[in-house]
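K.L.:
Have a look at this prediction, sequence included:
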Amino acid sequence: MEKPRSKKKAELVSKTISYILLTLLAFFFFFPLIYMISTSLNPDEREIERQMGSARAFIPEQVSFENFRNVFDRMPFGRYLFNSIFIVGSTVFIGVFVNSMAAYGLARFTFAGRGALVSLVIALMIIPFEAIAIPLLLMTARWGWLDSYHVQIIPFIANPFYLFLFYQFFIGFPVALEEAALLDGAGWFKIFWKIALPLSKPIIASVAILHFLMQWGMFLWPLMVTVGPEFRPLPVAMQVFFGQYPRLWGDIMAFAAMMTLPVIAVFVLLQGQYVRSVAQSGIK
Amino acid sequence: MARHVSTDRRRGFRHALIFLIPGLALLITFMIVPFVSAFIVSFTNTRLIARVPARFIGFDNYVRMFQDDVFGKSLLNIFYFVAVVVPIQTMFALALAVLVNQRIKGTTFFRTAYFLPTVTVMVVVSVIWSFLYHPEGLINGFMQTITFGRWTPIDFLNNRSWAFPSIMLLSIWQGVGFQMIIFLAGLQSIPETLYEAATIDGANRWKQFRYITLPQLKSTTAFVIISTTILAFRLFDQVYIMTRGGPERTTYTVMLHIYEQGFRRQNVGYASALTVAFFLIVLGISIVQRLILKEEREVA
């Protein structure tokens, strides 16, 4: 009788330790984000400066959206938001079609050089964007593409990594349905559009999420190719805003919060899917 | 008449081509061409905005690279960054994954909490942490509280020895959730029966971790280490926003140097040579990865 009880006790102790650790860690990951929110809501810049080092910074004496209004007064935030959404949205949207089509072409047809093409795609995955940034800048500058939307969209549509994720999905996917449709006289494009794509929703979601995250946070490229507010996306605008003196931390944090909280909200809702996407990115 | 699933290779290619053309054309134009041109341009004195036509200057850019003390400094810095961040972030990610993988209530909440920073844009993360690292900011305040006021406030980002470690900390904070999820997927693919057998044999939890979990996670770990390393080599956003490579170039990185040379000074020729060097380093690491992974598969 003694043994199970002591075992139960040990279990309880280990559970308690686990929860303490988990909670401390949650605090470590949360506190900068909470600090951002509470500072953004504090309309008194002098209070922010006075309390920035104490726990009281987390509880502002008064709460208002004044800092958020200031951001809109001080710079065309709406324009930057639109730019980011437009650039990221079109890249990811077109990217899903282009990458899945190419993957389908590689997965479903036999032709000479198919294996070589697959190897080429895998080899391209090794090239980090940073290794082509400067020559790409030179090329697009010569074409007169600088300071535009398309210079931030077109080069990032096709991506060997996302293409490969689609390829793996199609390879491991039964062809019976497609063959039946083919015998019924459907064309290949119709089969792709009506059968393969609708059945690929899970992988489309994964690729779209990873592509979105990469594109939404992009900084180095728009820093080099955009000049003014017209085509500039949020991350570069944030950096410009941050560089304006005197630094008004309330306004800066309001800008940061507006950029961050909607994305966090969406990802908390989609967290199961996000976890699957990241896990998939680690398969190979 | 119905068309057949063709084994005719020529017809197969014709059908495939329609699907392949958009993707391949884009990959060739925006990856392969710039990649190849980096090698070619690295042997010229090309400028971003050309006043005089560029000409071939042989290995001059590469010779210059070896004499460039700033490049040497940036290489040393990035190796320092990689050597600190990669082991810590990998072990931290594994620990988080093990913690979150327990069969207790609420793990979904904690898992979500740990990956929130990964969906926060690096520029925003850098801005928030610049505030935290302020001489009168929260981190100095916290240190003063726990040392009962004996802590002398540090201007972390303007301090030669503190600036880079400070950036390392926020980089780990932002990135570790991603590797945690990859480890979590690895943990969940370990067959439960292994642990059951070990429990019957009387192995405690540490032994189970040491002799089952770790060996089973070998290829996941290799993947995480190498992808984190490559990511770390690309360090740019944080140092650009928080320190611009300062103070006294203690946080100056290879990518910052490429940006400085290729964009600010418009020395595209020299920046291309730096790019080639950067790529060869990353490629070297990828080859090591392949070798390790291959070894793992043969052993398994």
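P.N.:
Arrived safely.

K.L.:
So which residue is smack in the middle of the chain?
P.N.:
Chain wasn't specified; assuming chain A. Note on chain A: the residue nearest the mean C-alpha position is A:Leu213, at 0.8 Å, using Cα atoms, centre = their mean.

K.L.:
Not quite, go with chain B.
P.N.:
Residue closest to the mean C-alpha point of chain B, counted by Cα atoms, centre = their mean, is B:Leu231 at 1.1 Å.

K.L.:
Return the residues in contact with the closest residue to that residue other than its chain neighbours.
P.N.:
Computed as Cβ to Cβ, 6 or more residues apart in numbering or on different chains, the closest residue to B:Leu231 that is not its neighbour in sequence is B:Gly175, at 7.0 Å. No exception for glycine: its C-beta is placed from N, CA and C like everyone else's. By Cβ atoms under 8 Å, 6 or more residues apart in numbering or on different chains, the contact list for B:Gly175 reads B:Gln89, B:Pro117, B:Thr118, B:Thr228, B:Leu231.

K.L.:
Spit out the contact partners of the residue nearest to B:Leu217 when sequence neighbours are not counted.
P.N.:
Excluding the flanking residues, the one nearest B:Leu217 by Cβ to Cβ, 6+ apart is B:Gly186, at 5.0 Å. Taking Cβ under 8 Å, 6+ apart, we find B:Gly186 in contact with A:Gly282, B:Ala97, B:Gln216, B:Leu217, B:Thr220, B:Thr221.

K.L.:
so B:Gly186 sits in a helix?
P.N.:
Yes. Counting by DSSP: H, G, I helix; E, B strand; the rest coil, B:Gly186 is located in a helix.

K.L.:
any idea of the pLDDT on it?
P.N.:
On the pLDDT scale, B:Gly186 is placed at 91.

K.L.:
Then B:Arg210?
P.N.:
For B:Arg210, the pLDDT comes out at 89.

K.L.:
next one: B:Val52
P.N.:
Reported pLDDT at B:Val52 in the predicted model: 76.

K.L.:
That one in helix, strand or coil?
P.N.:
At B:Val52 the chain is in coil, as set by three-state DSSP.

K.L.:
which other helices and strands contact the lengthiest helix in chain A?
P.N.:
In chain A, assigned by DSSP state H, the helix with the most residues is helix A:2-41. Applying 3 or more Cβ pairs under 8 Å, 6 or more residues apart in numbering or on different chains; DSSP states H and E, one finds that helix A:2-41 contacts helix A:66-74, helix A:249-269, helix B:69-100, helix B:107-115, helix B:122-132, helix B:163-188.

K.L.:
for the third one, packing partners?
P.N.:
Identification of packing neighbours for helix B:69-100 by 3+ Cβ pairs under 8 Å, 6+ apart yields helix A:2-41, helix B:107-115, helix B:163-188, helix B:218-233, helix B:254-259.

K.L.:
Which SSE is immediately downstream of the longest one?
P.N.:
Okay, so that is helix A:2-41. helix A:45-51 (DSSP states H and E).

K.L.:
List the buried residues for that next one?
P.N.:
A:Glu45, A:Glu47, A:Ile48, A:Gln51 (16 or more other Cβ atoms under 10 Å in any protein chain shown).

K.L.:
Residue ranges in the chain under the pLDDT threshold?
P.N.:
I'll assume chain A. Across chain A, the ranges flagged by pLDDT under 70 are A:1-4, A:283-284.

K.L.:
The intended chain is chain B.
P.N.:
B:1-11, B:289-290, B:293-300.

K.L.:
hey, which of the helices and strands packed on helix B:69-100 is tucked in deepest?
P.N.:
Most buried of the helices and strands packed on helix B:69-100, by mean neighbour count (mean count of other Cβ atoms under 10 Å in any protein chain shown): helix B:254-259, with a mean of 24.

K.L.:
which other residues reach stretch A:215-229?
P.N.:
With Cβ under 8 Å, 6+ apart, stretch A:215-229 has contacts from A:75-76, A:79-80, A:84, A:87-88, A:91-92, A:129-130, A:133, A:137, A:140, A:145-148, A:151-152, A:156, A:232-233, A:235-237, A:239, A:263, B:121-123, B:236-237, B:240, B:255, B:259, B:263.
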